[in-house]
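A.B. asks: Here is a sequence with its predicted model. Questions after.
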Amino acid sequence: MPGRYSPGWWVNPSPNLRSVIQTAEAIPPCGLWIDEIEKGFRGSKSSGSTDGGTSARVFGSFLQWMQEKTAPVFVVATAEGYHPSREQ
């Protein structure tokens with residue numbers, strides 16, 4: 001699976017996302033509530049220069065899973081105002 005290992009000293013969020021997805025798919029049907037989704041994927045646009053591309057890979061994996069999932073997992077997400085100019 002892409003993104004399984006990301007070098008660096010930061011905490012790799014990829015295993016966390018995989019764990020959430022595996023848990024949700026193991027208990028269908030279910031709802032997956034994501035609060036303030038914009039904070040989880042902040043910086044994915046400039047990820048290559050800030051975190052070695054980790055945020056972009058995690059965001060891409062999440063979108064791919066949402067598109068290709070076959071388990072009845074209903075995804076609901078909230079977001080506070082998204083302002084690209086405020087990304088850090």
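C.D. replies: Right, received. Where do you want to start? Just so it is clear, the model here is predicted, and its values are computed rather than measured.
A.B. asks: any idea where the strands of this structure begin and end?
C.D. replies: Using DSSP state E, the strands assigned to the chain run over residues 30-34, 73-77.
A.B. asks: and the angle for the last one with strand 30-34?
C.D. replies: Here the directions of strand 73-77 and strand 30-34 differ by 20 degrees (axes from the mean of the first three to the mean of the last three Cα atoms, to 10 degrees).
A.B. asks: quick one on the thing from earlier: rebuild the strands of the chain as TSV, extending it with distance to Val58.
C.D. replies: To be clear about C-beta, it is placed using only N, CA and C from the backbone, and glycine gets the same treatment. Formatted as TSV, the strands of the chain follow (distance: least, Cβ to Cβ, whole Å):
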stretch	distance to Val58
strand 30-34	13
strand 73-77	15
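A.B. asks: For Leu63, which of those is the nearest?
C.D. replies: With respect to Leu63, and counting by Cβ to Cβ, the nearest of those is strand 73-77 at 10.8 Å.
A.B. asks: Buried residues in that closest one, which are they?
C.D. replies: Of all the residues in strand 73-77, those buried under the rule 16 or more other Cβ atoms under 10 Å are Val73.
A.B. asks: In contact with Leu17, which residues are there?
C.D. replies: Taking Cβ atoms under 8 Å, 6 or more residues apart in numbering as the contact definition, Leu17 lies against Val58, Ser61, Phe62.
A.B. asks: Of those - the most surrounded one?
C.D. replies: Neighbours were tallied for each of the contacts of Leu17 (criterion: other Cβ atoms under 10 Å), and the maximum of 23 neighbours falls on Val58.
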